[in-house]
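1. Got a predicted model here, sequence first, then my questions.
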Amino acid sequence: MNRLILFSFAFLLFPLSNIFGATQTIIGDDIFVFVQTTIRNSDGSLVVYLESSKFTNLNATALESFLDYEATRGNDPIITINEEQYQVIRRVQSQSFDSQGLVASTILYDNVNGKPILLARFTHDGYSTIPGDTIESIWTFVRPVS
């Protein structure tokens, strides 16, 4: 129930104005995009938490194709808001770091015909990583059910 409340709150944020050159998260037929990223150290302690519904790069055509494919793979829930139905597609990306570095964006790629295609990029101030750190990005997409 708490996830639904959090999701509903995030869903209400999407009409906010476009700031800092970011692309609106509403694409195509009202698809909403939201990402939450956590970085944890090797002990599992939270180091960084970032979230956004604004993106500097958003490939609408490739993203819609990606979501069509993803919808065929799982049992993504259908929710009703104001008597309209929406499909919620949530996917998680995880990665462990084996070297020290700086990460300045959260990126969603798809592999199309053996080539990586940028779907969305959330640019932020960045964070340092050291070996043993892990990142988890939860991408949430909401689109109307046709």
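-> That came through, no problem.
2. could I have the strand ranked longest in the chain exported to CSV, CA atoms only?
-> Using DSSP state E to define each element, the chain has its longest strand at strand 115-129. Taking C-alpha atoms only, strand 115-129 is exported to CSV below (Å, rounded to 0.1, in the frame of the first residue of the first chain):
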residue,chain,number,x,y,z
LYS,A,115,23.9,-1.9,-30.7
PRO,A,116,23.3,0.0,-27.4
ILE,A,117,20.6,2.6,-27.9
LEU,A,118,20.2,5.4,-25.4
LEU,A,119,16.6,5.6,-24.1
ALA,A,120,16.9,8.1,-21.2
ARG,A,121,19.5,10.0,-19.3
PHE,A,122,19.1,11.6,-15.9
THR,A,123,22.1,14.0,-15.5
HIS,A,124,22.9,15.0,-11.9
ASP,A,125,25.8,16.4,-9.9
GLY,A,126,27.4,13.0,-9.7
TYR,A,127,28.8,10.8,-7.0
SER,A,128,32.1,9.0,-6.4
THR,A,129,32.4,5.2,-6.3
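3. Not counting its own residues, what contacts it?
-> If you take CB atoms under 8 Å, 6 or more residues apart in numbering as the criterion, strand 115-129 is touched by 33, 35, 37, 39, 47-48, 50, 52, 54-59, 62-63, 66, 97, 100-111, 135, 139. (Glycine included, C-beta is placed from N, CA and C.)
4. Show me the residues you listed that map onto strands.
-> Using DSSP E, the contacts of strand 115-129 in strands are 33, 35, 37, 39, 47-48, 50, 52, 57-58, 101-111, 135, 139.
5. so where is the chain shaky, pLDDT-wise?
-> Scanning the chain for pLDDT under 70 picks out the ranges 1-29.
6. Just give the nearest non-adjacent residue to Leu63, would you?
-> Leu119 (4.9 Å; CB to CB, 6 or more residues apart in numbering).
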